[in-house]
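J.: fold the following.
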Amino acid sequence: MRRTSKKAAEEQVVQNAVKTLLANIRFASVDEPVKTVVITSSIPHEGKSTVAYNLAQAMASSGKRTLIVECDMRRRTLAERIGAHARYGVYAVLAGQISLEGAAVSTPYTNLWFLDSEPNIPNPADILSSQRFRQFMKTLHDSYDYVVIDTPPVGAFIDAAVVAAMADATLFVVRERFAHRNEIVEAYAQLKKADANVIGAVMNMCKVEANEYYYAYYNEDGKRVRKHKAEKSSFMPVQRSATSFDAAASADKDVSSSHVAKPASSVDPSSTAQFLAAAQTVQPVQPVTRHRDIDPYTNSRRHPS
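T.: I've put the predicted structure just below:
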C-alpha cells in the first residue's frame, strides 16, 4: 500500500512538471505561438523520448490536436513506448506514397496521433535537410495544434540540429548528474550554430522527495538548492533558460495497447538516391483533414447527416 501511494505521488510530481513545462512553452512566444517543438539532448540515455511522449500527452489532454513524430531514425523507440505501430512512416509521406493523414495513426490517448519513421533509412541527414522535408514541416505546422518531434542526441548526429532549424522551438533535455558539462555546452553551441530557437532546457531524472514535495533549482553560482513547499510549490524537472547555457559557454514507462498494425517496412536503399534527387524539388504534402471533419471523441471521420 505504501509503495502504491509513493508511486502515485511520484507520478503526480511528473504530471505537474509536464504541465508546467507546457505552460512555459505557451509563454515562450505570445505573438507567434509555438506549434512545432523539437526534443533533443546532448548524449544518449538522457530520457528525451520520455519527455517528448509525456509532453505530447499533456498537450493532447489540454484538448489540442497533437502529433508526435519519430525523427530519431537510427534508434526508434516511440512506437514500442506508445503501443501504436504504423505501416507507413515519414519516408513514405515524403516520397508521396501516402498522405500525412493516412500515415499518422491514432494512439490510446484522445487528440494524440503518432507518425513513425521507417527502419533502416539510409542517409537520414540528407533526407531531413531536403526541400521536401522543409515543406513537410510547414504542412505539420498547418495541420495540427502541436507537433512534438523526437530527434537523436546532438552529440551523436547532426539530425537534431537540422530539424531544429525548421521548428518553432527546441527543448534541450539534460539528465541530472549524467552528461559532462563540456558535452552539454558543445551540443547547445551546435544548436545555436544551426540557428535553432532553443527556448530552454528540461532537467530530467532528478532526485525528488515526492512525499515531502521538495523542488530544486539552481542559484546564480550554479549550485543546486532545495526548498520546502512552505517556501514554494514543488516542481520537477528543473528548467534552465537558454541564457544559462550562453553564460556557461562564455565561461568556458510503457503503455500497452491493442492499437497495433503491421510494422513499417524497411526502406530500399536503391530508392534512396532517387528520392534525394527528387526531394530537392518541393512537392506539397497532403495536409490532414481539418478539425470540423474529425470527431474528437472517436478520432474518426464524421459522416454527413
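
J.: count the residues that sit near residue 119.
T.: Per other Cβ atoms under 10 Å, the neighbour tally for residue 119 reads 16. C-beta here means a position set from N, CA and C on the backbone, and glycine is covered the same way.

J.: no, scratch that, I was asking about residue 51
T.: Neighbours of residue 51 under the rule other Cβ under 10 Å: 24.

J.: for it, what is the enclosing helix or strand?
T.: Assigned by DSSP states H and E, residue 51 falls within helix 48-61.

J.: who's in contact with that helix?
T.: Helix 48-61 has contacts (Cβ atoms under 8 Å, 6 or more residues apart in numbering) with 14-15, 18-19, 21-22, 37, 39-41, 66-68, 72, 77-78, 81-82, 109-112, 145-146, 148-151, 153, 171, 173, 202, 204, 253.

J.: okay, and which of these map to strands?
T.: Mapping those onto strands (DSSP state E) picks out 37, 39-41, 66-68, 112, 146, 148-150, 171, 173, 202, 204.

J.: tell me the contacts of residue 154?
T.: So residue 154 contacts 40-42, 160-161, 187-188, 190-191 (Cβ under 8 Å, 6+ apart).

J.: that one and residue 64: what is the separation?
T.: 27 Å (Cβ to Cβ, to the nearest Å).

J.: right, and residue 40 touches residue 155 too?
T.: No: if you go by Cβ atoms under 8 Å, residue 40 and residue 155 don't touch, sitting 9.6 Å apart.

J.: more neighbours, these two?
T.: residue 40 (32 against 17).

J.: okay, and the beta partners of the more buried one?
T.: residue 172 (DSSP bridges).

J.: can you get me a residue count around residue 118?
T.: Here the count is done by other Cβ under 10 Å, and residue 118 has 20 residues near it.

J.: still on that earlier bit, what sits in contact with each of residue 40 and residue 155?
T.: Common contact partners of residue 40 and residue 155 (Cβ under 8 Å, 6+ apart): residue 187.

J.: quick one on the thing from earlier: out of the contacts of residue 154, which comes closest to residue 97?
T.: Within the contacts of residue 154, the smallest distance to residue 97 is 25.5 Å, found for residue 160 (Cβ to Cβ).

J.: reduced to three states, what does the closest one come out as?
T.: Counting by DSSP: H, G, I helix; E, B strand; the rest coil, the backbone at residue 160 sits in helix.

J.: same deal with residue 136?
T.: For residue 136, the assignment made with three-state DSSP gives helix.
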